[in-house]
Structures are given as C-alpha cells and as structure tokens.
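>>> sequence unknown, structure follows:
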C-alpha cells in the first residue's frame, strides 16, 4: 500500500515537473510573443497554472516525506488505521460497505477507498473488529459496525507467507 501511494505521488511529480519545466515555459514564451502582457489572457493563464503546479509539487514533496516516516511496526495490529481493509455495516440502512482507509489525497469511493481525513475515516479510526461506532456525517450521524478488519501490518504479514 505504501509503495503504491508513493508510486502514484512520484508519477504525479514527474508529470508536473515536465509541465513546469517544458510545457509552461513554452506557453509563457508564446504568450509573451503576442504582445501586451497586461491584457494577455494566455499569459495570465499560464502564469496561474505555473503557480498552481509549483504549489502542488511542494505539497507532493511533503507527502513523500511524510510517507517515508510511516513505521508499519508502530501501527496497531488490531485497530482501524491507515491502510486497513474494512467491511462495515450501516446499522440503520442494513447495507454493507467494503473499503480501504487511505491517505488524505487518495479518495476513490468507486474504487473502494476512503480517506483517513474523511468523516468516515476519522470516525472509524482505532475501531476494533465487532465495534459499533457513530460517525458524524454532513447528513447526520450514522451508526456502523465493523464486520471485518485487516490492518496494514496484517496485510504485510500475510504477503510474506
């Protein structure tokens, strides 16, 4: 899981570096050639994109540094946390949901991923198998029961076998 996230971040960094160092300078140069920069929307657009790309690169660089600090050996073996695969039941709707708890930048509900920073991720944090938790959602409180739980340390242990 950590390697997958790290690879996604590194792939995005590579794409953004190409855009920042190759594509955007070309766009800016072409916009400058059009003349008056005060009323040049192409120039303004390229400069705004350049600022966004630089900010995103800074953010991603910090994320890589954070990921390198994660020590799986220090993670709880039996509680919901980063990387946990969880099956929960909505006790009111009687529906079951299966997902993996991911880092804040990686949310893919259709792909079965819920961010640790999301209301459900925060509400389930440190829950144990069989526990019922109440999660505050924008539409109101929901009650869930943890039906199945495989933590990241458990997944890594199984992968070694």
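Cool, got the structure. Since we're looking at a predicted model, the values are computed, not measured.
>>> what separates the residue nearest to residue 126 when sequence neighbours are not counted from residue 35, distance-wise?
Counting by C-beta to C-beta, 6 or more residues apart in numbering, residue 79 is the residue found nearest to residue 126 once chain neighbours are left out, at 4.7 Å. Backbone N, C-alpha and C define where each C-beta goes, glycine included. According to C-beta to C-beta, to the nearest Å, residue 79 and residue 35 sit 62 Å apart.
>>> between the two, which one's more packed in?
Looking at residue 79 and residue 35 with other C-beta atoms under 10 Å, you find the greater number of neighbours at residue 79, namely 17 against 10.
>>> checking that one next. Helix, strand or coil?
For residue 79, the reduced secondary structure class is coil; criterion used: DSSP: H, G, I helix; E, B strand; the rest coil.
>>> right, and it touches residue 128 too?
Yes - the pair residue 79 / residue 128 is scored as a contact, 5.6 Å apart, by C-beta atoms under 8 Å.
>>> doesn't residue 14 fall inside a helix?
Yes - residue state for residue 14 (three-state DSSP) corresponds to a helix.
>>> tell me, how many neighbours does it end up with?
Burial of residue 14, expressed as a neighbour count using other C-beta under 10 Å, amounts to 10.
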